[in-house]
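J.: structure for this input, please:
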Amino acid sequence: MKKLYLLLSILVLANLSINRSQAQQNLFNIPSGDITPKNKFFYQHQINFYQVNELESKSHVVYGIGKGWDMGVNFVDLPLSFGRGGQIVSMNDNSNRKPLYPLLMFTLQKQVVLKEERLFLNVGTQIGPNLSNELANKKIAMMNYALVRWQPSKKGYLIAGPYHTNNVFVGGPPTDHFGIMFGYEYKLNDKWLLMGDFISGDHKKSQTVIGAGYNVSGKLQLFLGSLLAFPNHRLDNGVVVEINWYGWNFKEAH
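T.: All right, here's what the predicted structure looks like:
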């Protein structure tokens, strides 16, 4: 598996050349600091490959409500297993074995401009229950964050800030987790861009992703990344495939 995700990443990075591209709405695992335009939708679907037959699905729908706000729904942490004769979709609603999954989480985010075109503050929350056949087994997962986005040029940006989450979302003990998130995007040409993110801690979300993306059109992007077990070395390495669909032409918007 290590050879597979390294090979895929090398193939993507080997095709890159320097120039200019467009921004994307989300990073791999953390918010990008972009706000969806008013009355527009954004959709992202991400598949994490840990083995050829062991996958995890994450999907996000975001709607812009104006004045620096957007809201949405995340259906995340859905394990998929193939080729072993058992269930394809699995579920964990055992409170003695956190994190729980899959999760249906509602999102709300606000952006404040600190310095025009250069510096922004994004404050947001993701909150919702795990899916279970038993009402008593449903618990509330959540993550709150405050991220500062610094955009020194049109080529890219850095984003970083603290987060607070609970063991329903990331595992435990303890019940509550605090840490730092960091991410970047660097635009290359009209087609290619580099992207990566990092989540600190010692839980199931403490990972690093390094990858690249390709603008298929003004509404569609494809991304590929190496999912690295860092800083939590007990996790599995893998490969991330991500598809972004915009309800507007993002090239014309820039």
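J.: these two touch, right, Pro129 and Lys138?
T.: Yes: taking C-beta atoms under 8 Å as the definition, Pro129 is a contact partner of Lys138 at 4.5 Å. All C-beta atoms are positioned from the backbone trio N, CA, C, and that covers glycine.
J.: tally of neighbours for Gln87?
T.: Neighbour count of Gln87, defined by other C-beta atoms under 10 Å: 10.
J.: one more: Asp176?
T.: 12.
J.: make 24 the first number, not 1, from now on.
T.: That works, and once the first residue is 24, the last one we named lands at Asp199.
J.: for it, which non-adjacent residue is closest in space?
T.: Distances taken as C-beta to C-beta, 6 or more residues apart in numbering place Asn189 nearest to Asp199, at 5.8 Å, with adjacent residues excluded.
J.: okay, now that neighbour: neighbour count?
T.: Asn189, neighbours per other C-beta under 10 Å, totals 21.
J.: pretty sure it is in contact with Gly151, am I right?
T.: No: using C-beta under 8 Å, Asn189 is not in contact with Gly151; the gap is 11.9 Å.
J.: joint contacts of the two?
T.: Taking C-beta atoms under 8 Å, 6 or more residues apart in numbering as the criterion, Asn189 and Gly151 both touch 163-165.
J.: are any of those residues buried, and which?
T.: Among the shared contacts of Asn189 and Gly151, those scoring as buried are 164-165 (criterion: 16 or more other C-beta atoms under 10 Å).
J.: which of the shared contacts of Asn189 and Gly151 fall in strands?
T.: Those of the shared contacts of Asn189 and Gly151 mapping onto strands are 163-165, per DSSP state E.
J.: mind putting the residues you listed into JSON lines with pLDDT and distance to Tyr207?
T.: Shown next, in JSON lines, are these (pLDDT from 0 to 100; distance: C-beta to C-beta, whole Å):
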{"residue": "Ile163", "pLDDT": "98", "distance to Tyr207": "31"}
{"residue": "Ala164", "pLDDT": "98", "distance to Tyr207": "27"}
{"residue": "Met165", "pLDDT": "98", "distance to Tyr207": "26"}
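J.: tell me which of the residues you listed is nearest to Glu139?
T.: Met165 (32.2 Å; C-beta to C-beta).
J.: could you find the closest non-adjacent residue to the closest one?
T.: Leaving out its chain neighbours, the residue that sits closest to Met165 by C-beta to C-beta, 6+ apart is Ile150, at 4.2 Å.
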